[in-house]
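*Asks:* just coords:
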């Protein structure tokens, strides 16, 4: 279940501010639940958002009327409508990074026989903006399409974002993680600190058997100062295909090299370690 009050703001005002429109926020919360092309019914949306059933019903009716959601004729569930998809296309065109990164990602995916993805933060998740998959049987079969969201604290791509985030943003993330996970926070914090040290030492972070599955990953952040934006890239695949030695000796360095090539293609300065000097207490 989502808990919007525990999520760090990305600017704007606090949720108790008189200018904050709660009905709009609830409608956007409904739309945010539709990641990865999901088909969802009202009952599922109640569970995902934590909103009352009557509220969900009113909001989905409004969103369908306006074209932001579309009913599926066979299942009677809902999917994203054309107005949302049109907004997404506009955002992708404005970002432009996908267009530059795609050929480099495809080449690395084919060479390493692994899935290569990149994305940016969406509250306490990492939303995928581009995904390149290898054409072989070892390809990672997960719901990791463009628009899919993975948790920040338990994935290589999410940890790569956290360790490179500016101090203020990272403090907000850690505070929100501690509030959301409570009893799980102490080991989670140690996991983040380990990733922080790992990134300082070698320029990338690794995770083993993350997403609650037999999946390993290597993550690297990339900041684009001119855009005031931070992204994270990762390579992911079955643990049997990504032993620790391979991640450290081959996959991590190759991912760093690819990001350097993307930066060059975009006219950005060379890749540098972005990590702040310490993890701050929430």
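*Replies:* Yep, that arrived. Everything quoted here is computed from the prediction, not taken from an experiment. Residues are numbered from 1 along each chain as shown.
*Asks:* buried stuff in stretch 71-82?
*Replies:* Using 16 or more other C-beta atoms under 10 Å as the test for burial, stretch 71-82 gives 77-81. Every C-beta, even on glycine, is put in place using the N, C-alpha and C of the backbone.
*Asks:* swap in stretch 260-272?
*Replies:* Here stretch 260-272 shows 260-263, 268, 271 as buried, counting by 16+ other C-beta under 10 Å.
*Asks:* give me the lowest-pLDDT entry from those residues.
*Replies:* Least confident by pLDDT among these: that is residue 271, with 64.
*Asks:* where does residue 171 fall, phi/psi-wise?
*Replies:* phi -60, psi -40 (degrees, to the nearest 10).
*Asks:* with residue 117 instead?
*Replies:* According to degrees, to the nearest 10, residue 117 has phi -140, psi 160.
*Asks:* and if you look at residue 265?
*Replies:* With angles defined as degrees, to the nearest 10, residue 265 sits at phi -60, psi -30.
*Asks:* residues in contact with it?
*Replies:* 100, 104 (C-beta atoms under 8 Å, 6 or more residues apart in numbering).
*Asks:* separation between it and residue 67?
*Replies:* 37 Å (C-beta to C-beta, to the nearest Å).
*Asks:* dump the buried residues of stretch 71-82 into a markdown table; add secondary structure and pLDDT as well.
*Replies:* As requested, the buried residues of stretch 71-82 are exported to a markdown table (DSSP: H, G, I helix; E, B strand; the rest coil; pLDDT from 0 to 100):
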| residue | secondary structure | pLDDT |
| --- | --- | --- |
| 77 | coil | 93 |
| 78 | strand | 93 |
| 79 | strand | 86 |
| 80 | strand | 83 |
| 81 | coil | 79 |
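*Asks:* out of those, which one sits closest to residue 167?
*Replies:* Closest approach between those and residue 167, by C-beta to C-beta: residue 80, at 35.2 Å.
*Asks:* what's across from that closest one in the sheet?
*Replies:* Note on residue 80: beta-bridge partners residue 69, judged by DSSP bridges.
*Asks:* OK, contacts around it?
*Replies:* 31, 34, 37, 68-70 are the contacts of residue 80 under C-beta under 8 Å, 6+ apart.
*Asks:* for residue 107, see how far away it is.
*Replies:* In terms of C-beta to C-beta, residue 80 sits 31 Å off from residue 107.
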